[in-house]
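In: Return a 3D structure for these sequence lines:
(one chain, ligands or ions: 1)
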Amino acid sequence: MKEFDYIIIGGGCAGLSLAYELEINKKLKDKTLAIIEPREEYKKDKTWSFWKVTPHNFDECVKKSWENFSINIPNKTNYLECNNYPYQSVDSGLFYKKINNKLKENKNINFFKDLKEIDSKNSFIFNSVPSIKKNYSNLWQHFCGVEIETQNNFFDDGILNLMDFDCDQRGSIHFFYTLPYSKNKALVETTWLSKMNDVSQKDYDKQIKDYIENHLNLKGYKITYKEIGAIPLFYPVYEEAKNKINIGTAGGMTRLSTGYTFLNIQEHSKYIRENIENISKTRKYEISKKYQFMDEIFLRVLEKHPEMMPNIFFKMFKSSPKTSIKFLSNKSNFLEDLSIILKMPKWTFIKALFN
Ligand SMILES: Cc1cc2nc3c(=O)[nH]c(=O)nc-3n(C[C@H](O)[C@H](O)[C@H](O)COP(=O)(O)OP(=O)(O)OC[C@H]3O[C@@H](n4cnc5c(N)ncnc54)[C@H](O)[C@@H]3O)c2cc1C
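Out: Here you go, the predicted model:
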């Protein structure tokens, strides 16, 4: 069986981002790479959105970029700017196409469906397949989004709606998220932060229909695409091994307070590429411990007091959108962290700290 210098298990967002980063920086000229990916074909299956706080390799795959966003709680709306860090949506279909076209040019890169097809004992492995037990007592961000097309112009495509909490909370945290790609096309998503064991939250189609028709007051539209997903708001099991690094969701690249992962995956890929020659001895890349600590407390509050969350997000963004974006994208400094902490309901967070 054939041997490879490197193996990437899982050719999804993290696996392909890493392969691309290595390839465009000429790290695979004299090295071989096997990518293990069971899917039969690549097609659009996700939309990755984030605040662009750092450059990335996929500007051509950006479907839309916004410099304004809004957040709603019942009877109140915040209109906010993000021109320093535009909010971007990457189309996974364009992303897969761009990367696969590039990787095809290098004969040292080969795709396989199963790890058993190759000899992996002497390879360095980058693993993006998480070991997640279906633990429904943990918190998840679960959601369903539809792309819709309207008969007439309807949306203001200059502003996205990040969180609309003016909806049925059902004792959890629930909001709608609307990304207007143009005046007659948008992604509308229902999002829950909860334990997933409550099946009553899974009537996604009904929630979306009701929101579009009765909240947005939009009647003439058709659904052109649908995505359903769940992001674990806990770290998957990470088995340490000398010849293996976990990447992507499996590698702890998700910010637990938000579910944002895409840009962390890009930064991790860059870190691996910079250290590839000495990778088995390189320090593990992590989301900074201060964010891990603050997110843990935040999630404790979220679990105990879901009813407080809409106000917490609303006030945090209102006081300084720029600082909030930097904080949620792992780019805040000490004073910015402090200003966020001071906006939180202090006693609730102090109690959660000692819980
Ligand atoms: C629907 C959805 C929308 C999301 N939107 C956002 C967003 O807007 N912003 C953001 O920052 N994050 C978002 N995320 C979170 C995160 O960015 C994505 O989940 C991202 O795809 C994670 O990359 P990954 O490589 O870890 O996992 P994946 O992209 O899921 O890749 C894993 C790959 O492993 C393959 N695989 C599975 N089993 C095996 C096996 N046994 N052997 C080999 N390969 C296997 C799969 O086919 C897949 O291609 C979203 C997640 C989902 C599910």
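In: ok, which residues in this structure are in contact with the ligand?
Out: 9-15, 36-39, 46-50, 128-129, 227, 229, 231, 248-250, 259-262, 265 (Cβ under 6 Å from any ligand atom). Where C-beta positions appear, they are placed from N, C-alpha and C, glycine not excepted.
In: And the helices in the protein?
Out: Using DSSP state H, the helices of the chain run over residues 13-24, 92-103, 204-210, 262-274, 289-304, 309-319, 321-328, 334-343, 346-353.
In: Please identify the buried residues of the third one?
Out: Within helix 204-210, the residues that count as buried by 16 or more other Cβ atoms under 10 Å are Tyr204, Gln207, Ile208.
In: Tell me which other helices or strands it touches.
Out: Counting contacts by 3 or more Cβ pairs under 8 Å, 6 or more residues apart in numbering; DSSP states H and E, helix 204-210 is packed against strand 140-150, strand 185-194.
In: Would you mind checking which of the buried residues of helix 204-210 is nearest to the ligand?
Out: Tyr204 (12.2 Å; Cβ to the nearest ligand atom).
In: Quick check: that closest one touching Ile228?
Out: Yes - if you go by Cβ atoms under 8 Å, Tyr204 and Ile228 touch, sitting 7.0 Å apart.
In: Distance check, Val188 against Asn72.
Out: Separation of Val188 from Asn72 (Cβ to Cβ, to the nearest Å): 14 Å.
In: Just want to know which of these two has more residues nearby.
Out: Shown here are Val188 and Asn72; by other Cβ atoms under 10 Å, Val188 has more neighbours (26 against 19).
In: what's the closest non-adjacent residue to the more buried one?
Out: For Val188, ignoring the flanking residues on the chain, the nearest one in space by Cβ to Cβ, 6 or more residues apart in numbering is Thr178 at 5.2 Å.
In: Show me which positions of stretch 153-160 end up buried.
Out: Judged by neighbour count (16+ other Cβ under 10 Å), stretch 153-160 contains these buried residues: Phe154, Phe155, Asp157, Ile159, Leu160.
In: need the residues you listed in JSON lines with pLDDT, can you?
Out: Shown next, in JSON lines, are the buried residues of stretch 153-160 (pLDDT from 0 to 100):
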{"residue": "Phe154", "pLDDT": "97"}
{"residue": "Phe155", "pLDDT": "97"}
{"residue": "Asp157", "pLDDT": "97"}
{"residue": "Ile159", "pLDDT": "98"}
{"residue": "Leu160", "pLDDT": "98"}
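In: Just put the residues you listed in JSON lines and tack on distance to Glu286.
Out: Shown next, in JSON lines, are the buried residues of stretch 153-160 (distance: Cβ to Cβ, whole Å):
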{"residue": "Phe154", "distance to Glu286": "43"}
{"residue": "Phe155", "distance to Glu286": "39"}
{"residue": "Asp157", "distance to Glu286": "37"}
{"residue": "Ile159", "distance to Glu286": "34"}
{"residue": "Leu160", "distance to Glu286": "30"}
